[in-house]
Structure formats: structure tokens, C-alpha cells
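# here is my input; please provide its structure:
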Amino acid sequence: MKILITGIFGQIGWNLAHAARNQGHTVVGTYHNQRVESTFPVYPLEMMPHKLEHGLRLLPFLPDVILHCAAYTNVDKAESERPKVFAINSLSSNPVVSYARSIGAKLIYLSTDYVFDGLTGGYTESSIPFPRGVYGLSKLLGEAPVLAYKNGFVIRFTPLGHALRLPHHPLSLMDWILKCYRDGKKAPLFFNRTSSPVTAMDLWNVIDEILAGRQTQALLHVHSDLKDLLQIGREIEKVFLLSHTTTYGFLSHNNYSKIRPFLAHLKSNYLKPVSLNESLITLKQQRKSHEA
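A predicted model of the protein is given here:
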């Protein structure tokens, strides 16, 4: 298939692009600001809603599928940049849906566990969202036009780490723990915050099912087996053969947690949980292969 990835130079977009190409798909990407050296055809695309659809129609490429990965993801800064956040994460969905509808393309919008309040955890696709902060609210509003489109899909997930890491992005949880180990420092992790993180490859496996028509559910939670952050850190230690890096941390009620869900783990009515251990083993193998 011909796949267009918005935000191809984001961590998720970059890794999904490589996964798609490895499966024989033709991949073209768009970027807004940051550009890196790439073997993919890439084009600048203005993400402001009033220019977005026109920009998409100018691309010399007619996709079968659009992976809408472009997003404003700085959770803390989002609180003071509301107009920009809502423009990119929410309002951009309308012109992308309009473009997808006009060419009959499937559209997959990547969302987040931050659409929930984090009071109970174990959120399924039928759970009622209630975001704590601007970032979560903007992503929730961005889901609505996609779910109203007959060929639209929304995937909610929590990122764990990536086989390919772009240096201009903040460290993932996994890379931060690896860095702490290399620097001889401790990595304090919250034992009172839950999560169900997955890798880009876990996401791609579900996207592949959607592309093949084997998965038709419009809203999906891709999630791993339940762990708190300390357990996740210990799992990373075990797989990557680290020693005495993670330590107990406690997430208190402060400005950081005010806009983030405490009990953030997802569940699904349609998908089985991914094994965190198996995902990490695969990720470690992929990194070795890329570094070789």
C-alpha cells in the first residue's frame, strides 16, 4: 500500500515508517519543523488547520492510508500554549479527515492514555474519557472527527521506547533508564503510578491488521500487561542486563501529577495485552541489528 505518515520525524512516526517499509509498503512522510536525513520522500506540511488540507492536496502522492502521527506532545508546556496545542492536536483532524474522505483513504489517528483521569485505571474502549490537562483534552477532541469517518481509526497507547531513536526528541522511559545506568545514577520510578506501555512494533502489528481488513473496530487500546512504573523499570533492567539502577519513587499530588493520570493503564475489549517482557526482548534485538 501507499502510506502517508504525518509527523514522520516524531519517534512514533519514524519507527512506524520503517516498520511499514520493511513490510513492503511505499512510505511518504510530512514534517512541520524539524527535518533529519532520511531515505523516505518527505515534504514540509503546515499543521495550522486553515492551511493543512490545501497542503495535503499539493503533495505529489495519493495515499491509500494516512497515519496521522503529527502532534504537540509537550505535556507541561501545553498548559501555557493552548491555541497552538488545540490547533495541532484537535483542529487538524478535520482537514485530514476531509482529505482522506475525498480520496477514499483509511485514516489512523494515534491518541493517548492521557484522555482519562487516572482515578481507577484499567480503561477500555467503552470507558468514559475525562482528561486532566490540555494535552489530554486536545487529543480527545482530535479523535472525534476521525471516529465519525467511516474509514477512520483511533489507537490509544502509552509509549515505552523505540528501536530507532531520533536525538532531537526527549528520552523515552526506557532510554532514560539506560542513560541512568550508563551515567552510574539511580532511576527513581513511581510505584504508585500504573502504565501499560507498548513499542512502535506493537502498534504496527495492530495497524497491519487494520490495513489487511482483519481489524474493523474503530477505537482500539493497544496495551501491555499491567505494571506499575517501578515494575516496568525492573523489567527493563532484567532484559537489558542492568544492575541496581531503578529505585523507589513516589508520585505525589503536585503540578506534575495534576495534568497526568495516576492509574494510567489501559485494557481492551478487542485486543489481548502485549507481553512487556517479549516486547522488550524484541526491542533489544532490533537495536542490536540497527547498531550492527
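# how many neighbours does residue 213 have?
8 (other Cβ atoms under 10 Å). Glycine gets a C-beta too; all of them are placed from N, C-alpha and C.
# so what's it scoring on pLDDT?
Looking at residue 213, its pLDDT is 97.
# got a list of what it touches?
Contact analysis of residue 213 by Cβ atoms under 8 Å, 6 or more residues apart in numbering lists nothing.
# which SS class is it?
coil (DSSP: H, G, I helix; E, B strand; the rest coil).
# so what does it look like in phi/psi?
Note on residue 213: its backbone torsions stand at phi 80, psi 10 [degrees, to the nearest 10].
# how close does it get to residue 50?
34 Å (Cβ to Cβ, to the nearest Å).
# for the residue nearest to residue 158 when sequence neighbours are not counted, give its distance to residue 62.
If the residues on either side of it in the chain are set aside, residue 158 comes closest to residue 197, at 4.4 Å by Cβ to Cβ, 6 or more residues apart in numbering. Relative to residue 62, residue 197 is positioned 35 Å away (Cβ to Cβ).
# neighbour count for the two, which is higher?
More crowded of residue 197 and residue 62, by other Cβ under 10 Å: residue 197, with 27 against 12.
# just to check, that one is in contact with residue 226?
No - here residue 197 lies out of contact with residue 226, judged by Cβ atoms under 8 Å, at a distance of 10.9 Å.
# what's the pLDDT at residue 292?
63.
# could you identify the helix or strand that succeeds the helix or strand that contains residue 13?
Counting by DSSP states H and E, the element that carries residue 13 is helix 11-22. As assigned by DSSP H and E, the chain's next helix or strand after helix 11-22 is strand 26-31.
# any stretches of the protein with poor pLDDT?
292 (pLDDT under 70).
# top helix in it by residue count?
The longest helix of the chain (DSSP state H) is helix 276-291.
# can you pull the buried residues of it?
276, 279, 280, 282, 283, 284, 286, 287 (16 or more other Cβ atoms under 10 Å).
# OK, contacts around the fourth one?
Under the criterion of Cβ under 8 Å, 6+ apart, the neighbours of residue 282 are 199, 201.
# could you do the second one as well?
For residue 279, the set of contacting residues under the criterion of Cβ under 8 Å, 6+ apart consists of 160, 198, 199, 201, 202, 224.
# could I get those as CSV with secondary structure, neighbour count and distance to residue 243?
Formatted as CSV, the contacts of residue 279 follow (DSSP: H, G, I helix; E, B strand; the rest coil; neighbours: other Cβ atoms under 10 Å; distance: Cβ to Cβ, whole Å):
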residue, secondary structure, neighbour count, distance to residue 243
160, coil, 25, 21
198, strand, 24, 26
199, coil, 28, 23
201, helix, 18, 26
202, helix, 24, 27
224, strand, 26, 23
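# perfect, I'm done here.
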